[in-house]
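J.: model the structure of this input:
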Amino acid sequence: MIVERVQTGVRLEKRMLKVLKALAEYKDMSLGDLLEGIVLHAFEGRCAFGPETQQTIAELKRIYGLDLTAADSHALRDEEGGQA
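T.: Below is the predicted model:
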């Protein structure tokens, strides 16, 4: 399907971005393609990843020290004290 893409600047938690980049590399896809897939699945209330990929994500989270969970999603703050 042909779509129009735009360049964007988004701020993400540093370790989360490392895990996402590593997963995109593991899946041999761009970070943008990975994020589009995650969002499209989320918009339909579906999980974007099967059990094998979830295991890979768990390992990448361990490697990069990402200990955040979904419960943290609306409580993240920048070091300066502002909301992320």
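
J.: surely T56 and Y26 touch.
T.: Yes: if you go by CB atoms under 8 Å, T56 and Y26 touch, sitting 6.2 Å apart. The C-beta positions use only the backbone N, C-alpha and C, and glycine is treated the same way.

J.: mind telling me what element the residue positioned nearest the centre of the chain is part of?
T.: Central residue of the chain (CA atoms, centre = their mean): L20, 4.7 Å from the mean position. Taking DSSP states H and E as the criterion, the element that holds L20 is helix 14-26.

J.: swap in G37?
T.: helix 31-43.

J.: dump that helix to CSV, restricted to CA.
T.: Listed next in CSV are the C-alpha coordinates belonging to helix 31-43 (Å, rounded to 0.1, in the frame of the first residue of the first chain):
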residue,chain,number,x,y,z
LEU,A,31,12.6,1.8,13.3
GLY,A,32,9.8,3.7,11.6
ASP,A,33,8.4,0.5,10.1
LEU,A,34,8.5,-1.2,13.6
LEU,A,35,6.8,1.8,15.2
GLU,A,36,4.1,1.9,12.5
GLY,A,37,3.4,-1.8,13.1
ILE,A,38,3.2,-1.4,16.9
VAL,A,39,0.8,1.6,16.6
LEU,A,40,-1.5,-0.1,14.0
HIS,A,41,-1.8,-3.2,16.2
ALA,A,42,-2.4,-1.0,19.3
PHE,A,43,-5.1,1.0,17.4
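
J.: re the thing from before, can you list the buried residues in the helix holding L20?
T.: Neighbour-count burial for helix 14-26 flags 15, 18-20, 22-24 (criterion: 16 or more other CB atoms under 10 Å).
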